[in-house]
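Engineer: fold the stuff below for me.
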Amino acid sequence: MLKPGHSCWGIYDVQETGLLIDARDYYRAFYAAAKEAQRYILIAGWQFDTEVQLLRGDDLEGADQQTRFYPFLKGLCERNPELEIYILAWDFSLVYALGREWFQAWKFRWGGSKQIRFHFDSHHPIGASHHQKFAVIDGCLAFVGGMDICASRWDDRRHLVENPDRKNSDQKPYEPVHDIQSYHIGGTVAGQLAELFKMRWQSSGGGELDLPPPPKDYHFEIEPSVSLAAEKVAISRTQAREVFPHQPPIQEIRNLYLEAIHAAERLIYIENQYFSSQAVYQALVDRMKAAGRGKLQIVIIVPDRMHALFEEIGMGMAQVKILRSLKEIATEAGHAFGIFYPASIIQDGQGEVEVPSYIHAKLLLVDDRFLTIGSANIANRSMGFDSELNVSWEASSGSQRKLIRSIRQARIDLLAEHSGLTPDSEPSRRTLGRVAGLVDSLNRLADSSVSRLRHHRMEKSYLEAEWLSALNIEGFFFDPEKPPIEENIYELVKYGQNSLFARGITLLSNWLLNREKSPE
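Structural biologist: Numbering: from 1, shown residues only. The predicted structure is shown next:
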């Protein structure tokens, strides 16, 4: 599956690697690792918020430095005059012209430390975005995944309905959220990601970065959610074609997904924020219809709903049609197919209320021998338009039993989290560890009253709306080369509610929804 120049940029050595599941584990790991930085810290993301609390609750005990993001970085620089910190954010100033990002840029750039350098990256085709999320420390340690260090991302693995630590700097609470990051210590993978950062920094107009070599002595202690017994890590990218200067498109992540799905023999497990990619849909259809191939267990975890009207229009209409079609084809071809989302139930004055966890993770796992996570959604623009970054692990032979076992443990761990089970319990291992009958086991959990797992209804708020049907826009929104709206609109609205753009979308969504609900 991992073919340099096709499905990955390259395959790199690593001494220690694994997963950090949910932002509590990632933010805690970043905090601990950044304190050990000797020479530089590089951070690239879709969005940053200066006041995000990196440590919360019990994790605050023994904290000897500031725990808010920017004050923490500033304190590191005060303690180490040799430390340089570079932060690269997608330049979404056009849609946030009167929003918080101008203030944020001012705070990063003129907040009191010349050792912290902040830069917006707008070097991409019109309509695209920089969606890569990664950090590198001293060329020795890297984090890659789906998480930015920003508001409304922190949660722990319990995903409690009410968690006093799950609130933003304005003290407002937000919904449970699930995400995945990876860590990589030693070897050559962190250095390669530093090279990627340097290329982006220079192309964005920040100038050439002359980073010092990695220190000979370094010490990072990461408390993983799941440790992966791997010595190699692959890096895959998405980058749109550029006309000037000429740059051919990079579609390594797209190719990676297609190769992995085609190679699947027993199991395909997916977690993703979206599911609207035509290429991934067709790959699944082709695999399910392939003559002479084994029957699959296909498990998909996605959010229970879209969060905004424009998100619904841009992907929701296509997503439900895709999921319904996949389920129908799987049934006809004899494959086991389950679509789920996690949620908790609470009692209020009027009865039971369901509180879902928002799925922001981007994961594909095949046959317990291949795993990829990163920033890429299963959306057309993530496969060919926005800049994206994934990392992957593959047990290319049956002799790599330790890696196979650790990938299987990652799957058990994630399914246990979504189901509300304890991953170390024997029933969980028996129920979730077996590939055969996995969908049936998950269906039973979703049917029970004690599990957090829920059957996905595959419904859209606006599916039957006549005014949407009349627009006939589905094919228009499926064009990955010319996306008409931001497919990461959830992030624009959810994490930018102070901007006029976000407020306008919210008002339009509410008005149209009320219009659809009103009697004729």
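Engineer: so what's Arg28 scoring on pLDDT?
Structural biologist: Residue-level confidence at Arg28 comes out at 98, pLDDT.
Engineer: run through the residues that contact it.
Structural biologist: 54-55, 59, 223 (Cβ atoms under 8 Å, 6 or more residues apart in numbering). Just so you know, the C-beta spots here come from the backbone N, C-alpha and C atoms, and that holds for glycine as well.
Engineer: so it, which of the three states?
Structural biologist: helix (DSSP: H, G, I helix; E, B strand; the rest coil).
Engineer: ok, it to Leu323 distance?
Structural biologist: 34 Å (Cβ to Cβ, to the nearest Å).
Engineer: sorry, back to before: neighbour-wise, give me the winner out of the contacts of Arg28.
Structural biologist: Within those, most neighbours by other Cβ atoms under 10 Å means Leu54, with 25 neighbours.
Engineer: what sits against that one?
Structural biologist: 27-28, 30-31, 67-69, 72, 149.
Engineer: next one: Pro173
Structural biologist: Contacts of Pro173 by Cβ under 8 Å, 6+ apart are 162-163, 166-167.
Engineer: 10 Å - rerun?
Structural biologist: For Pro173, the contacting residues are 152, 162-167, by Cβ atoms under 10 Å, 6 or more residues apart in numbering.
Engineer: for Leu73, same thing?
Structural biologist: 34, 37, 41, 43, 50, 66, 83, 85, 87, 108, 111, 113, 115-116.
Engineer: restricted to strands, list those residues.
Structural biologist: Among those, DSSP state E puts 41, 43, 85, 87, 116 in strands.
Engineer: quick revisit: quick one: buried ones out of the contacts of Pro173?
Structural biologist: Neighbour-count burial (16 or more other Cβ atoms under 10 Å) is assigned, among the contacts of Pro173, to 152, 163, 165-167.
Engineer: and the contacts of Leu73, which is closest to Gln297?
Structural biologist: Of all these, Ile43 has the smallest distance to Gln297: 37.8 Å, by Cβ to Cβ.
Engineer: quick check, pLDDT for the spatially most central residue of the chain.
Structural biologist: With distances taken as Cα atoms, centre = their mean, Gly146 lies nearest the centre of the chain, 2.6 Å away. On pLDDT, Gly146 comes in at 98.
Engineer: so His131 touches Met383, yeah?
Structural biologist: No: assessed by Cβ atoms under 10 Å, His131 is found out of contact with Met383, at 11.7 Å.
Engineer: so what sits against both of these two?
Structural biologist: Joint contacts of His131 and Met383 (Cβ under 10 Å, 6+ apart) are 238, 376-377.
Engineer: got those residues as CSV, with neighbour count, pLDDT and secondary structure columns?
Structural biologist: Listed next are these as CSV, based on neighbours: other Cβ atoms under 10 Å; pLDDT from 0 to 100; DSSP: H, G, I helix; E, B strand; the rest coil:
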residue, neighbour count, pLDDT, secondary structure
Thr238, 27, 94, strand
Ala376, 30, 97, coil
Asn377, 26, 96, coil
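Engineer: quick one, what contacts Ala290?
Structural biologist: Contacts of Ala290 by Cβ under 10 Å, 6+ apart are 262, 333.
Engineer: okay, now the unreliable bits of the stretch 101-250 of the chain?
Structural biologist: Flagging of the stretch 101-250 of the chain using pLDDT under 70 yields the residue ranges 101-112, 121, 125-128, 243-245.
Engineer: switch the cut-off to 90
Structural biologist: For the stretch 101-250 of the chain, applying pLDDT under 90 flags the ranges 101-113, 119-131, 203-206, 240-249.
Engineer: helices of that one, residue ranges please.
Structural biologist: 189-203 (DSSP state H, counting those that start in this stretch).
Engineer: can you check the pLDDT for Arg434?
Structural biologist: 95.
Engineer: same check, this time on the one 10 residues further on
Structural biologist: The predicted local confidence for Arg444 comes out at a pLDDT of 95.
Engineer: repeat for Gln497
Structural biologist: Looking at Gln497, the pLDDT reads 48.
Engineer: one more: Ser425?
Structural biologist: pLDDT, Ser425: 75.
Engineer: could you list the low-confidence segments of the stretch 351-500 of the chain?
Structural biologist: For the stretch 351-500 of the chain, the ranges with pLDDT under 90 are 351-353, 381, 384-387, 397-399, 422-431, 449-450, 458-500.
Engineer: strands of that one, start to end?
Structural biologist: 351-356, 358-359, 362-366, 370-374, 388-394, 453-455 (DSSP state E, counting those that start in this stretch).
Engineer: rebuild the ones in strands among the contacts of Leu73 as a markdown table, extending it with distance to Leu2.
Structural biologist: Shown next, in a markdown table, are these (distance: Cβ to Cβ, whole Å):
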| residue | distance to Leu2 |
| --- | --- |
| Ile41 | 28 |
| Ile43 | 26 |
| Ile85 | 32 |
| Ile87 | 30 |
| Ile116 | 36 |
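Engineer: just the closest of those to Gly437, please.
Structural biologist: Distances from Gly437 to the ones in strands among the contacts of Leu73, taken by Cβ to Cβ, are shortest for Ile43, at 43.2 Å.
Engineer: you'd agree that closest one is up against Tyr70?
Structural biologist: No: here Ile43 does not reach Tyr70: they are 11.4 Å apart, not a contact under Cβ under 10 Å.
Engineer: anything in contact with each of these two?
Structural biologist: Taking Cβ under 10 Å, 6+ apart as the contact rule, Ile43 and Tyr70 both touch 87, 118, 149.
Engineer: wait, isn't Ile149 in contact with Ile41?
Structural biologist: No: when contacts are counted by Cβ under 10 Å, Ile149 is not listed as touching Ile41 (11.6 Å).
Engineer: joint contacts of the two?
Structural biologist: Contacts common to Ile149 and Ile41, judged by Cβ under 10 Å, 6+ apart, are 30, 87, 135.
Engineer: mind putting these in TSV, neighbour count and distance to Cys77 included?
Structural biologist: Compiled in TSV, the shared contacts of Ile149 and Ile41 are given as follows (neighbours: other Cβ atoms under 10 Å; distance: Cβ to Cβ, whole Å):
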residue	neighbour count	distance to Cys77
Phe30	26	16
Ile87	23	12
Ala135	26	16
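Engineer: ok, so of these, who is nearest Ile250?
Structural biologist: When those are compared against Ile250 (criterion: Cβ to Cβ), the nearest one is Ala135, at 21.1 Å.
Engineer: isn't that closest one up against Gln181?
Structural biologist: Yes: using Cβ under 10 Å, Ala135 makes contact with Gln181 at a distance of 9.2 Å.
Engineer: find the residues that touch each one of the two.
Structural biologist: 26, 30, 143-145, 147.
Engineer: now, the most widely separated pair of these?
Structural biologist: Phe30 and Val144 (12.0 Å).
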